[in-house]
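Q: Got a predicted structure here, sequence first:
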Amino acid sequence: MQVQKMYKKIITMTLTALCMYTTPLFSSDTHQEELSSSSKAIHVEVASKKGEKKKWLGVIVGKTAHSLHEVGEAVKRALEYTGLVDVDLRYADKRLHKKEVLDLKSLGYACVIFIEENNDYKTLESRAYDTNKGSMQKGFSVKKEGKLPRGWGYALADSIIELAGQRPFASCKLAYCQKRDGKSPQYEICVADFDGSHPQVISKSKRQLLGIRWNRDEESPMILFSRYTPINIQLVSRSLSGTETIASNFDGLNMLPTFSIDGKEVVLCLSRDGSSQLYQYGYNHKLKKIGYTRLTYNHGNNIYPTFLDNGDLVFCSDFETGTPYIYYLNRKEDAIERLTSGAASAAPSYNSATNNIMFTKVVEGVMQIFLCDLTTKKERQITFDKGHKQECGFSPCGNFIVYGIQEGPYQRIISYSLLTKTKRTLTAGDVSCSYPVWSSIYRQFPVVV
């Protein structure tokens with residue numbers, strides 16, 4: 001019981017009491033850039049003026065066209081998720097002639113993408129055409145990795161996005177906690193596609209579940225989360241193939257692990273000595289063995305560790321003033337620097353694409369989301385609407401953020417585009433959802449068992 005009281009104090013202090021500058025995915029200039037088919041990136045007209053989306057046409061080609069319906073729908077959903085284009089789908093026996101491609105411009109289409117199966121039926125081929133000249137800009141192929149056709153579609157969409165010079169995002173997964181109210185509340189861990197579609201419950205408990213994190217293993221995806229018990233808060237790992245084990249079960253808190261960029265090192269929160277401290281799990285060069293190495297030594301509570309690409313950490317702590325702020329831990333120098341000031345701030349996450357961190361901070365009594373450039377140390381407020389924002393995280397490409405928000409009696413998961421400044425709700429219904437986090441990109445889209 002003492003453990004639960006202490007954790008509730010930490011949560012109260014960091015959450016309850018607290019209560020864009022990325023490059024566009026596609027060019028949105030008013031002029032059109034023309035490239036030859038040998039160019040490395042696709043540059044077609046996407047918006048004729050600010051805020052106006054352009055139409056693209058996806059054509060599924062060949063005798064097996066209709067069997068690729070799920071592939072086409074996945075490509076459409078992923079490209080439209082950018083908020084920069086609308087995509088129509090069409091089925092055809094063969095690719096269109098040049099004149100037919102040119103005629104599409106009069107119908108409002110800026111680009112046409114042909115998708116078809118290779119003769120071996122193991123590969124999907126795609127070709128992107130500019131409707132201004134009717135010429136192919138780029139052709140590429142994607143192997144049918146995994147068993148899910150929509151996963152092949154996400155891979156195709158990611159290839160198109162990469163050809164546009166941006167980082168992909170569609171071949172990742174979203175995980176979050178879900179609470180069902182009733183006489184006996186039920187807590188669940190859910191996994192969905194990047195946009196919240198195809199949700200699946202992978203773990204259930206009558207005890208509270210919280211603090212979801214992904215590992216960084218592309219071949220063996222794993223979710224780690226914490227679960228209340230009568231004596232402690234244990235850390236649980238659950239593979240997408242169905243294996244669930246207790247990962248850490250010390251007295252007190254065991255939660256919020258973060259993985260290094262190579263996935264070989266883990267830092268998590270443990271309260272073995274009273275307050276919550278950060279511990280590194282991995283090879284200890286001094287002791288010459290694998291074990292836990294304490295990283296913070298203070299009398300405050302240190303939570304939400306997040307690895308940076310260089311191996312340093314950002315985290316939340318109240319050790320200086322009793323108010324939670326975001327700190328930077330330089331592990332080589334063993335030095336700590338405070339990054340935020342003023343109102344309380346919490347829940348940092350990291351975007352390697354822009355070297356930014358994101359966190360929540362109180363503004364006029366409402367918890368809002370901020371970005372901080374780690375190079376300049378300058379903060380920028382991202383959200384301004386009502387409702388406390390909690391547990392924010394970046395998409396793999398860095399162009400989207402996800403967070404929890406209280407809307408009426410329930411908590412929802414919201415996705416916000418740093419490109420278009422628009423948001424969408426990823427969860428709905430009579431359940432409360434929290435702790436959203438996107439995984440990294442998977443080469444083979446995983447099947448959840």
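A: Cool, the structure landed. Residues are numbered from 1 along each chain as shown.
Q: My reading is that Ala78 lies in a strand. Confirm?
A: No - read with DSSP: H, G, I helix; E, B strand; the rest coil, Ala78 is helix and lies in no strand.
Q: Run a quick neighbour tally on it.
A: Look at Ala78: counted by other C-beta atoms under 10 Å, it has 26 neighbours. C-beta coordinates here come from the backbone N, C-alpha and C atoms, glycine included.
Q: Isn't it up against Gly151?
A: No - counting by C-beta atoms under 8 Å, Ala78 sits too far from Gly151 to count as a contact (11.1 Å).
Q: In a helix, Glu162, correct?
A: Yes - membership of Glu162 in a helix is supported by three-state DSSP.
Q: Spatially nearest residue to it (excluding sequence neighbours)?
A: Counting by C-beta to C-beta, 6 or more residues apart in numbering, Glu162 lies nearest to Pro168, which is 5.6 Å off, once chain neighbours are set aside.
Q: residue ranges of the helices in the chain, please?
A: Assigned by DSSP state H, the chain shows helices spanning 2-11, 69-81, 98-106, 149-163.
Q: Show me which residues of the second one are buried.
A: Spelled out, it's helix 69-81. By neighbour count on 16 or more other C-beta atoms under 10 Å, the buried set for helix 69-81 is Val71, Gly72, Glu73, Ala74, Val75, Lys76, Arg77, Ala78, Leu79, Glu80, Tyr81.
Q: quick one, domains of the protein?
A: The chain breaks down by automatic domain parsing into domains covering 2-23+172-438, 54-163.
Q: Please tabulate the ones you listed in CSV, including the columns distance to Phe445.
A: Output for the domains of the chain, formatted as CSV (distance: least, C-beta to C-beta, whole Å):
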stretch, distance to Phe445
domain 2-23+172-438, 8
domain 54-163, 3
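Q: lowest-confidence stretch among those domains?
A: Least confident of the domains of the chain, judged by mean pLDDT, is domain 2-23+172-438 with a mean of 90.
Q: So what's the gap between it and the chain middle?
A: For domain 2-23+172-438, the separation from the chain centroid amounts to 12 Å (computed by C-alpha atoms, centre = their mean, to the nearest Å).
Q: what does stretch 140-153 give?
A: That offset, for stretch 140-153, works out to 20 Å (C-alpha atoms, centre = their mean).
Q: Also stretch 150-168?
A: With C-alpha atoms, centre = their mean, you get 15 Å for stretch 150-168.
Q: what comes up buried for that stretch?
A: Quick answer for stretch 150-168 (16+ other C-beta under 10 Å): 150-164, 166-168.
Q: send the alpha carbons of that stretch over as CSV?
A: Below are the C-alpha coordinates for stretch 150-168, written out as CSV (Å, rounded to 0.1, in the frame of the first residue of the first chain):
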residue,chain,number,x,y,z
ARG,A,150,-2.8,-4.1,-45.5
GLY,A,151,0.8,-4.4,-44.2
TRP,A,152,2.0,-4.6,-47.8
GLY,A,153,-0.1,-1.5,-48.5
TYR,A,154,1.5,0.4,-45.6
ALA,A,155,4.9,-0.6,-47.0
LEU,A,156,4.0,0.7,-50.4
ALA,A,157,2.8,4.0,-48.9
ASP,A,158,6.0,4.3,-46.9
SER,A,159,8.0,3.8,-50.1
ILE,A,160,6.1,6.7,-51.7
ILE,A,161,6.7,8.8,-48.7
GLU,A,162,10.4,8.0,-48.7
LEU,A,163,10.6,8.9,-52.4
ALA,A,164,9.2,12.3,-51.4
GLY,A,165,12.2,12.8,-49.2
GLN,A,166,10.5,12.2,-45.9
ARG,A,167,10.6,9.6,-43.2
PRO,A,168,7.9,6.8,-43.3
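Q: Throw the helices of the chain into CSV and include distance to Tyr442, thanks.
A: Shown next, in CSV, are the helices of the chain (distance: least, C-beta to C-beta, whole Å):
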stretch, distance to Tyr442
helix 2-11, 31
helix 69-81, 14
helix 98-106, 33
helix 149-163, 8
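Q: how close does the residue lying closest to Tyr442 once chain neighbours are set aside get to Cys190?
A: Leaving aside its sequence neighbours, Tyr442 sits nearest to Ser171 (C-beta to C-beta, 6+ apart; 5.3 Å). Distance, Ser171 to Cys190, by C-beta to C-beta, to the nearest Å: 19 Å.
Q: ok, the two, which is more surrounded?
A: Ser171 (30 against 23).
Q: Is it correct that that one is in contact with Pro446?
A: No - with contact defined as C-beta under 8 Å, Ser171 does not count as touching Pro446 (9.5 Å).
Q: dump the residue contacts of the residue nearest to Lys378 when sequence neighbours are not counted.
A: The spatial neighbour of Lys378 that comes closest, neighbours along the chain excluded (C-beta to C-beta, 6+ apart), is Cys372 at 7.0 Å. When the contact criterion is C-beta atoms under 8 Å, 6 or more residues apart in numbering, the partners of Cys372 are Ile326, Leu339, Thr340, Asn356, Ile357, Met358, Phe359, Lys378, Glu379, Arg380.
Q: what is the first one paired to in the beta sheet?
A: Per DSSP bridges, residues listed as beta-bridge partners of Ile326: Cys316.
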